[in-house]
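Peer 1: take a look and give me a structure for this.
(2 chains)
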Amino acid sequence: MQLPLDLISGVLSFLFTVLILSYLIGDNPLFRIAVYLFVGITAGYVASVIWWQVLTPRLFSPTSSMFQTGAYEQAALLVVPWLGLAFILMKISPRLSRIASFTMAFLVGAGAAVIIAGALIGTIIPQVSATINFFDLNIAAARNINPAEVIGNGSIMLVGVVTTLSYFHFGARPQASGNPRRFIVIEFFAFIGKIFIGITLGVIFAGVYAAALTALIERISSLINFFGNF
Amino acid sequence: MRVFTAVIAIAVGLMVLFGYFFAQFTDIQTLLLNWAIILAGVASLVGIFNLIAVHTDKVRRAEKGSVYSALLVIALVATFVFGLILRPQHQVMQVLLNGIILPVEATLMGLLTVTLLYAAIRLLRRHADVMSIFFIITAVLIFLGSATLPFGDVPLFGTLIRPWVSQIWALGGARGILIGVALGTLVTGLRVLFGIDRPYGGK
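Peer 2: Residues are numbered from 1 along each chain as shown, chains lettered A, B, ... in the order given. Got it, this is the predicted structure:
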């Protein structure tokens, strides 16, 4: 049983790789068939994962065990998700879709709180601390790094952070000519920030390109191996 | 109804947020996030149902490209039914994952090599300003520092210039972008919590 499934997996992999690579000669029906099938299969797979790994353990199983054991005190904890589920399903009907806004409000409120905490605890505080710590001479001494090098590199990074943030400052005042213009210092900082953003995007581009090239080489290698096995 | 939805969003948001900073709110935060995960799962299923409805409608109207829509709907429904009966960990579902989903994702990623190269050339031809010039110069420096060339490594590029550019100059810009994005996210979240923005309906 194991061998045919591996063979089927290999044949499908080969077929879909060729169909997708056919895009290199231009948009064509074979590429579209592969992409539409990919979207359908992925959506179906994701739906089944949601059913078995989210809804079953968190909602269906607790409800079923509540009815089996008669522990109805747990019902209070399950009423809200069942009610939310019923409300959100109203979205399917255009007439009743307004009722779904209760569930959407719940989701948006919880999501807003999570992103506030994530932005604050996960990004702003660690990134600002890391920028400050770059000037820590004790850490540099422990890692045997020259203090001049620490201050030089830390200054470049600090200038990069400040000027990049300045680039995204869009507050402007109208001039005598009527055209809005940023404050001259912000304008200068924003120009330097443009250089840092260009450098950053260049590094990201090189990284993404290297990853894409690796993926392409792996796919071509898998095509060659597939023929090599026969 | 608009006031009631705003009250739900603000109350839920505040209780979840307090859970990050005060230990007394941790239990209620866990409960609310568990409910939010369930409801987000249901919302995703409704979204997938909407995908089916849109493409079924295209097939019914016999619009251009309806054959592709029919293929999408058949593939989606078949995969979902098999997934419900067999579960996602079953060998047959793993064949779909390893034989179709992962290879297509990897090949689409591989196609990016052509698209990205074309986009970089177009950028220089159409919009040659200080940012795009530094962008291209940096990309070339990084490639020269990391590529394995037939005649060996280019002196200094791999050992000195590439690490310096990527770990000092680019990191400064990346931190600025990250902090800027986080500040924007923070403000957006606070606007929702204060009821200024109500994306769930209502003005």
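Peer 1: what about the most far-flung residue of chain B relative to its centre, which SS state?
Peer 2: Most distant from the centre of chain B: residue B:151, at 39.5 Å, with distances by CA atoms, centre = their mean. Counting by DSSP: H, G, I helix; E, B strand; the rest coil, the backbone at residue B:151 sits in coil.
Peer 1: let me see the contact set for it.
Peer 2: Going by CB atoms under 8 Å, 6 or more residues apart in numbering or on different chains, residue B:151 touches no other residue. For the C-beta atoms, the positions are set from N, CA and C on the backbone; glycine is no exception.
Peer 1: dihedrals phi and psi, it?
Peer 2: Phi and psi for residue B:151, reported as degrees, to the nearest 10, are phi -90, psi 10.
Peer 1: one more: residue A:173?
Peer 2: Per degrees, to the nearest 10, the backbone of residue A:173 is at phi -110, psi 150.
Peer 1: please apply the same query to residue A:178.
Peer 2: For residue A:178, the backbone dihedrals are phi 100, psi -20 (criterion: degrees, to the nearest 10).
Peer 1: burial of residue A:173, as a residue count?
Peer 2: 8 (other CB atoms under 10 Å in any protein chain shown).
Peer 1: residue A:206 versus that one, what's the distance?
Peer 2: Separation of residue A:173 from residue A:206 (CB to CB, to the nearest Å): 39 Å.
Peer 1: kindly report the same for residue B:6.
Peer 2: For residue B:6, the distance to residue A:206 - CB to CB - is 46 Å.
Peer 1: again, but for residue A:66
Peer 2: 55 Å.
Peer 1: repeat that for residue A:22.
Peer 2: From residue A:22 to residue A:206 the distance is 28 Å (CB to CB).
Peer 1: so between those two, which is more surrounded?
Peer 2: Higher neighbour count among residue A:22 and residue A:206: residue A:206, with 25 against 16, using other CB under 10 Å.
Peer 1: chain neighbours aside, what residue packs nearest to that one?
Peer 2: residue B:142 (3.7 Å; CB to CB, 6 or more residues apart in numbering or on different chains).
Peer 1: please apply the same query to residue B:18.
Peer 2: Spatial nearest neighbour of residue B:18, excluding adjacent residues (CB to CB, 6+ apart): residue B:25 at 4.1 Å.
Peer 1: now for residue 24, how many residues are close by?
Peer 2: Since you didn't name a chain, this refers to chain A. 10.
Peer 1: actually it's chain B I care about, not the one you picked
Peer 2: Residue B:24: 8 neighbours (other CB under 10 Å).
Peer 1: so is the helix or strand that residue A:6 is a member of next to chain B?
Peer 2: Here residue A:6 sits within helix A:2-21, counting by DSSP states H and E. Yes. Helix A:2-21 comes into contact with chain B (CB under 8 Å from any CB of the partner chain), by way of A:5, A:8-13, A:16-17, A:20-21.
Peer 1: just to revisit the earlier point, need the pLDDT of the residue farthest from the centre of chain B.
Peer 2: Note for residue B:151: predicted pLDDT of 78.
Peer 1: for chain A, which segments count as strands?
Peer 2: Counting by DSSP state E, chain A has strands at residues A:173-174, A:180-181.
Peer 1: chain center to stretch A:9-16: distance?
Peer 2: Distance of stretch A:9-16 from the chain centroid (CA atoms, centre = their mean, to the nearest Å) equals 28 Å.
Peer 1: just stretch A:12-31 next, same as before
Peer 2: Computed by CA atoms, centre = their mean, the chain-centroid distance of stretch A:12-31 equals 26 Å.
Peer 1: can I get it in CSV, CA atoms only?
Peer 2: The C-alpha trace of stretch A:12-31 is given here as CSV (Å, rounded to 0.1, in the frame of the first residue of the first chain):
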residue,chain,number,x,y,z
LEU,A,12,1.2,14.3,-9.0
SER,A,13,4.2,16.3,-7.9
PHE,A,14,5.9,15.9,-11.3
LEU,A,15,2.7,16.8,-13.2
PHE,A,16,1.9,19.9,-11.2
THR,A,17,5.5,21.2,-11.3
VAL,A,18,5.5,20.9,-15.1
LEU,A,19,2.0,22.6,-15.3
ILE,A,20,3.1,25.5,-13.1
LEU,A,21,6.4,25.9,-14.9
SER,A,22,4.5,26.2,-18.2
TYR,A,23,3.8,29.8,-17.1
LEU,A,24,7.4,30.6,-18.2
ILE,A,25,6.1,30.4,-21.9
GLY,A,26,3.1,32.7,-20.9
ASP,A,27,-0.3,32.4,-19.3
ASN,A,28,-2.0,29.2,-20.6
PRO,A,29,-4.9,26.9,-19.9
LEU,A,30,-2.6,24.2,-18.3
PHE,A,31,-1.2,26.7,-15.8
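Peer 1: ok, residues contacting it?
Peer 2: Residues contacting stretch A:12-31 (CB under 8 Å, 6+ apart): A:33-35, A:37-38, A:219, A:222-223, A:226, B:95, B:98-100, B:102-104, B:107-108, B:110-111, B:114.
Peer 1: no further questions, thank you.
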